[in-house]
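Q: Here's my sequence, what's the structure:
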Amino acid sequence: MKDYIIRGTAAENQVRFFGAYTKNLVEEARKRHNTSPVATAALGRLLTAGAMMGSMCKNDTDVLTLQIRCEGPIGGLTVTADAKANVKGYVRNPEVMLPPSKAGKLDVGGSLGGGVLTVIKDIGMKEPYSGQTNLVSGEIAEDLTYYFAASEQIPTSVALGVLMEKDNTVKQAGGFIIQLMPYASEEIVASLEKKLASFSSITKHLEKGDTPEEIIRELLDGFDVTVHDQIPAAFYCNCSKERVSKAVVSIGKKEIQNMIDDGKNIEVNCHFCNSHYDFTVDELKELLHYAAN
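A: Sure thing, here's the model as predicted:
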């Protein structure tokens with residue numbers, strides 16, 4: 001099954017929802033960064049959230065960044081998404097290893113520890129919008145739920161899940177975001193709270209192979225669910241040698257000259273997709289002409 005996001009409404013437009021199937025893009029991230037199981041789970045959750053939140057953007061040129069700075073051994077995570085549900089991301093310590101949590105699961109919360117979640121939305125204004133909240137659990141879904149309530153004042157429920165195979169490849173990944181509209185009635189609010197409280201974990205549904213549509217329809221049963229559209233999702237990085245060249249130029253003439261004087265080719269890596277770009281001494285000499293003093 002290909003990765004995709006669904007968007008829709010329920011309860012006469014008093015509720016809006018986003019659902020995601022993201023197994024392939026999370027596996028692509030795992031392969032590119034060679035992440036440990038707990039790092040794959042953490043990054044996979046944030047990538048899944050990023051794809052859904054990116055699809056909330058109104059303009060094709062909008063860009064969303066989710067950044068977690070934390071005290072735990074994973075060191076932090078960064079994910080960037082666009083309005084077409086293309087996502088990319090990385091963790092600072094992809095090799096982090098921890099024993100299972102008390103529940104016998106991958107200890108994502110333990111890998112993050114305390115920290116701060118920042119959401120940056122570049123929507124074409126002079127300055128990007130930025131909202132920031134403290135991590136409440138480090139499990140990412142709960143942290144995003146808190147972010148929406150505290151920073152955007154939108155009652156929200158976020159569920160994210162990544163299941164691993166015994167060979168440490170990704171077995172399943174996905175999630176949902178449910179939000180109450182400002183005009184939602186007290187009856188709908190109370191009913192939705194009951195539905196969420198009785199809903200089994202997202203990982204159980206992913207384990208069964210349920211699609212985002214099936215998960216949402218079960219969760220919002222009786223709420224006249226309408227899926228408005230389905231968007232392909234993918235791990236995608238727009239880096240290129242030309243873009244990386246600009247980054248090299250930005251370090252200035254002195255640094256580039258030092259590299260030229262060393263007489264060795266250099267390799268520049270993209271944080272987001274782990275692609276490698278080689279520059280010969282002759283190419284560095286060419287870039288030197290464009291660098292500032």
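Q: State the mean pLDDT of the helix or strand Gly174 falls within.
A: Secondary structure assigned from DSSP states H and E places Gly174 in strand 170-180. Strand 170-180 shows an average pLDDT of 97 in the prediction.
Q: again with stretch 30-50
A: According to the model, stretch 30-50 has a mean pLDDT of 97.
Q: Just the buried residues of it, please?
A: 30, 32-33, 35-50 (16 or more other C-beta atoms under 10 Å). Any C-beta I mention is one placed from the backbone N, CA and C, and that applies to glycine too.
Q: buried set for the host helix or strand of Tyr147?
A: Here Tyr147 sits within helix 141-151, counting by DSSP H and E. If you call a residue buried by 16+ other C-beta under 10 Å, then helix 141-151 has these buried ones: Ala141, Glu142, Asp143, Leu144, Thr145, Tyr146, Tyr147, Phe148, Ser151.
Q: Let's have these in a markdown table, adding pLDDT and distance to Gly8.
A: Output for the buried residues of helix 141-151, formatted as a markdown table (pLDDT from 0 to 100; distance: C-beta to C-beta, whole Å):
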| residue | pLDDT | distance to Gly8 |
| --- | --- | --- |
| Ala141 | 96 | 20 |
| Glu142 | 96 | 24 |
| Asp143 | 97 | 24 |
| Leu144 | 97 | 19 |
| Thr145 | 96 | 19 |
| Tyr146 | 96 | 24 |
| Tyr147 | 96 | 22 |
| Phe148 | 96 | 18 |
| Ser151 | 92 | 24 |
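Q: Closest to Ile68 out of those residues?
A: Asp143 (7.8 Å; C-beta to C-beta).
Q: Go ahead and confirm that closest one touches Thr118.
A: No: between Asp143 and Thr118 there is no contact under C-beta atoms under 8 Å: 11.1 Å.
Q: so where do the strands sit in the protein?
A: 4-10, 15-21, 63-70, 77-82, 86-91, 115-122, 129-134, 156-164, 170-180, 226-232, 234-235, 266-269, 276-279 (DSSP state E).
Q: Tyr290 is nearest to which of these?
A: Nearest to Tyr290 among the strands of the chain is strand 276-279 (13.2 Å), distances taken as C-beta to C-beta.
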